[in-house]
Structures are given as structure tokens and as C-alpha cells.
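Student: Starting from these lines, generate the structure:
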Amino acid sequence: MKNQLRSLSPLVSLLALCLAGCGGAEEAPTEPSTRPVKIFEVAGGDADMQRTFPGRVDATQRAELAFRVAGQLQEILVKEGDLVEAGQVIARLDPTDFEIAFQDRKATYDNAERNFARGKELIVDGNISRMDYDRMEANFRTAEAALSQARVDLEYTVLEAPFSGRIAQRWVENFEDVQAKQTVFTLQNVEELDIVIDVPESVMRMVRARTQNETSMGSGETASEVIAYASFEGREQERFALRPKEIATKADEQTQTFRATFTMDAPLNFTVLPGMTANVVLDLGNVVEEHDTVKRVPVRAVQADSGLKPRVWVLDEDTMTVSSREVTIGRMTGRSIEVTDGLNGGEEIVAVGAPYLAEGMKVTRMAQTEQAVPREDDPI
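Tutor: Modelled structure (predicted):
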């Protein structure tokens, strides 16, 4: 037994020396660890007041032009895309049948007029009865009305442009028989254009409520407060001011959106036609309810502190550190929850990874495909 202890003593001494040497060396400082988190931007800041919507171009003034009488087209004087002036003749019907009808009604009118003139002389001397005189007068009035109708029908064989604009579409061919009120041309006024967008319910809820003595967002005082402009593909750097025209107060049954229409002057340096698309930017800062502080954030972003008070972790983008902020919560809807106090809008908060954070901890932005998972040494 003594021999065995003597043989181990050198090993024990060597081990002690190693331990002493290791204990004297300074440990290298470790860098504080960072945690990847998913960030959520709280709505309601200045940037959130500007919304971009896809828009479609329409003519401010548009008319479906048609003859008011039936007949055969004799002459089409314009083509699709032509610019026309108000009162310009754009098509004619064959007037032959209408001229014949006019001459027939004219002859009947002339005869009735002569008979009525003789009747006025005869009734004075009592040579005809009052009944015969009344019949002559009725025949004259009827012939007069028929002649006026024949004259108007003859005038209706000529189709004129009711206002200046562009022929957008031609629906018939020359020498074709057309019916009364059958569309022949579509005429559009392209000096002004309408831009139509579909506004979602969430944006409509943001608009300040109006009293009975005030107007809605679509007109009047509130409309003048809406700042809007449009841009077009290939010319994104050019902005065209929009004037609010009208907005529907009933949502579309299919899309649950509200149709809003704005007006702009047609550009002079390039062509914009009805049917084209545009990007519309709305600045709602002047019409949003200032006292509405309710924000919606993901449910997972709200955590409880040691006193079971709700809080969120706010990101400082300059230092990439987080700090807790106490909030007041409201109703939960689906995967989001209302924050009624504590957030101003525009803050970036941690949406995924919040349970594993500490005050002042450095974080990194998580890629969209990543998920926050606890580490092996994290307490449960």
C-alpha cells in the first residue's frame, strides 16, 4: 500500500502545478450575445398616414351617342381616336324616307291651315256651326304637331357631338341599319380625367367622423383637406395633383371596399387615356381622427412583467437594443390585440422572440424565413 502511494505522488504534484498555472491565467472577455427577433412596425405614425393605392383612369365626361330615329347609316365622318368639337357632325342617316314623310305632313298641314282660315270667316256670319269650326281647328292643330314631329325626325338623321372630346369607340359600320337609341359612338372628354381607387375599410375607419353640419370625406371641407397625387408607369418621378370628387359610403359587396374618385387635368407632355392604370398616394394626416390612439399589434408581442402588467419590447434602431414599455391593452381579435395606451405609432416592437429578452439586450433582425426558438440554456 505504501509503495502504491509513493508511485502516485509525482502525478499528484504535476497535476497541482498544472492547476496552479491554469488558475493564474486571465480568462478572455466574451462578447455579449445577441438574439435574432422578428420586428413589427406599429401603425399610426406619420408614415402610416400616407397610403398608396392602384388606380384606374376614366373619363370625367362620357356619353354613349345614338340616333333618336331608326334608319340606314349613310355617312360616318369620324374614326376612333379622332378629336371632335362640340356641335360637329359625326354621322348621318339616309334622310330619304324622312324627307318624304315631312313633305306629306307639310301638305296635310297646308290644307288644314287653309280650311281653318276659311272657318274663321264663316263662323263670324254663322255660315257654319260651332262644331264644324272646332273640328277644323282640331285638324289644324293635329297637322301642325305632325309637321313639327316630321321636321324633328328629319333633323335627327344628323348626329352631332354634344361636347368636345375624343371618339373612344365606334360600334357600327357604315350602311348598316341602326335602331333608335342604339349606341353608335362612345365620346369621352379627355381634357380632365377621373382616377378611381378602392379604399379598404381599415382606412375608412381612420377618417375623422363628421357631424350633420359637416361634410364627408368625399366633398366639401374634408375633401379639400385630402392631399392626393397620381403617378404613371414609366414616369414615376412626375406627380399630378388630384382633386377629390366623390366617395361611396356603401361598401362593394364583393370586395368590401369603398370606391373613391379623384379628378386631374390631362397631362400635356404624354398621353393618358381611360382604361390605363395609375398609382395614387393619399396623405390622410389632415382627416384622421387625432384622438384615436388604438393600435393593433401581434398578440405575441405583448408580454407580462413581474407584476403581470402588459408590456412590449421597443427596438432602438441606432443601438439595436430593446427596452420594455408598459402598455394598456384592449380587445383581442384573431392574432392581434388592441393597444389603447403606450404606443404613439411608428415604433418598431419585437413580435417574435419577446419572452427571451432582457432590458438593454442587443438583437438582430430575423430573416423572414427564420423563427425565434429558445436556446438550450434558456430557462423555461
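Student: Can you point out the buried residues in stretch 236-247?
Tutor: Taking 16 or more other CB atoms under 10 Å as the neighbour-count basis, stretch 236-247 is seen to contain the buried residues 240, 242, 244-247. All C-beta spots, glycine's among them, are computed from the backbone N, C-alpha and C.
Student: Pull that stretch out as PDB, backbone CA atoms only.
Tutor: What follows is stretch 236-247 as a C-alpha-only set of coordinates in PDB (Å, rounded to 0.1, in the frame of the first residue of the first chain):
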ATOM      1  CA  GLU A 236     -42.800  57.700 -61.600                       C
ATOM      2  CA  GLN A 237     -40.900  60.900 -60.900                       C
ATOM      3  CA  GLU A 238     -43.800  63.100 -62.200                       C
ATOM      4  CA  ARG A 239     -46.600  63.700 -59.800                       C
ATOM      5  CA  PHE A 240     -50.000  65.000 -60.800                       C
ATOM      6  CA  ALA A 241     -52.200  66.700 -58.200                       C
ATOM      7  CA  LEU A 242     -55.700  65.100 -57.700                       C
ATOM      8  CA  ARG A 243     -58.900  66.900 -56.700                       C
ATOM      9  CA  PRO A 244     -61.300  64.800 -54.600                       C
ATOM     10  CA  LYS A 245     -64.600  64.300 -56.500                       C
ATOM     11  CA  GLU A 246     -66.700  61.800 -54.600                       C
ATOM     12  CA  ILE A 247     -66.600  58.700 -52.400                       C
END
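Student: Thr183 is in contact with Arg62, correct?
Tutor: No. Checked against CB atoms under 8 Å, the pair Arg62 and Thr183 is beyond contact range at 11.8 Å.
Student: remind me which residues of the stretch 1-150 of the chain are low pLDDT?
Tutor: Applying pLDDT under 70 to the stretch 1-150 of the chain flags the ranges 1-32, 44-49.
Student: Please repeat the previous calculation with a cut-off of 80.
Tutor: Per-residue confidence of the stretch 1-150 of the chain (counting by pLDDT under 80) places the weak regions at 1-33, 43-50.
Student: residue boundaries of the helices in it?
Tutor: If DSSP state H, counting those that start in this stretch is used as the criterion, the helices of the stretch 1-150 of the chain fall at 2-24, 96-125, 130-155.
Student: and of those helices, who's closest to Leu187?
Tutor: When these are compared for distance to Leu187 using CB to CB, the nearest one is helix 130-155, at 19.3 Å.
Student: For that closest one, name the packing helices and strands.
Tutor: Judged by 3 or more CB pairs under 8 Å, 6 or more residues apart in numbering; DSSP states H and E, the packing partners of helix 130-155 are helix 96-125.
Student: Would you mark the buried spots in the helix it packs on?
Tutor: For helix 96-125, by 16+ other CB under 10 Å, it's 97-98, 101-102, 105, 108-109, 112, 115-116, 119, 123.
Student: ok, the residues you listed vs Phe270, which is closest?
Tutor: The shortest approach to Phe270 among these belongs to Phe98, at 44.9 Å (CB to CB).
Student: In contact with Lys79, which residues are there?
Tutor: When the contact criterion is CB atoms under 8 Å, 6 or more residues apart in numbering, the partners of Lys79 are 167, 170.
Student: what separates it from Arg151, distance-wise?
Tutor: The gap separating Lys79 from Arg151 is 31 Å, by CB to CB, to the nearest Å.
Student: Quick check: which of the helices of the stretch 1-150 of the chain is nearest to Met366?
Tutor: Across the helices of the stretch 1-150 of the chain, the minimum distance to Met366, taken as CB to CB, is reached by helix 2-24, at 39.1 Å.
Student: what separates Leu315 from Glu113, distance-wise?
Tutor: For Leu315, the distance to Glu113 under the criterion CB to CB works out to 94 Å.
Student: typed the wrong thing, it's Arg365
Tutor: Taken as CB to CB, the span from Arg365 to Glu113 is 94 Å.
Student: go on, Glu64?
Tutor: Glu64 sits 40 Å away from Glu113, taking CB to CB as the criterion.
Student: per-residue pLDDT, Gln188?
Tutor: Gln188 carries a pLDDT score of 92 in this model.
Student: Next up, the contacts around it.
Tutor: Taking CB under 8 Å, 6+ apart as the definition of contact, the neighbours of Gln188 are 59, 61-62, 165-166, 168, 274.
Student: Filter those down to just the buried residues.
Tutor: By neighbour count, with 16+ other CB under 10 Å, the contacts of Gln188 hold 59, 62, 165-166, 168, 274 as buried.
Student: Just name the closest of the buried residues of stretch 236-247 to Gly353, please.
Tutor: Distance from Gly353 was checked for each of the buried residues of stretch 236-247 by CB to CB. The minimum falls on Ile247, at 41.3 Å.
Student: Surely Arg170 and Leu73 touch.
Tutor: No. Applying CB under 8 Å, one finds Arg170 not in contact with Leu73, separated by 10.8 Å.
Student: what sits in contact with each of these two?
Tutor: Counting by CB under 8 Å, 6+ apart, the residues touching both Arg170 and Leu73 are Val184.
Student: Please state the backbone phi and psi of the most centrally placed residue in the chain?
Tutor: Nearest to the centroid of the C-alpha atoms of the chain, with distances taken as CA atoms, centre = their mean, sits Ile197, at 1.6 Å. Geometry field for Ile197 lists phi and psi as phi -130, psi 160, criterion degrees, to the nearest 10.
Student: I appreciate the help and will end here.
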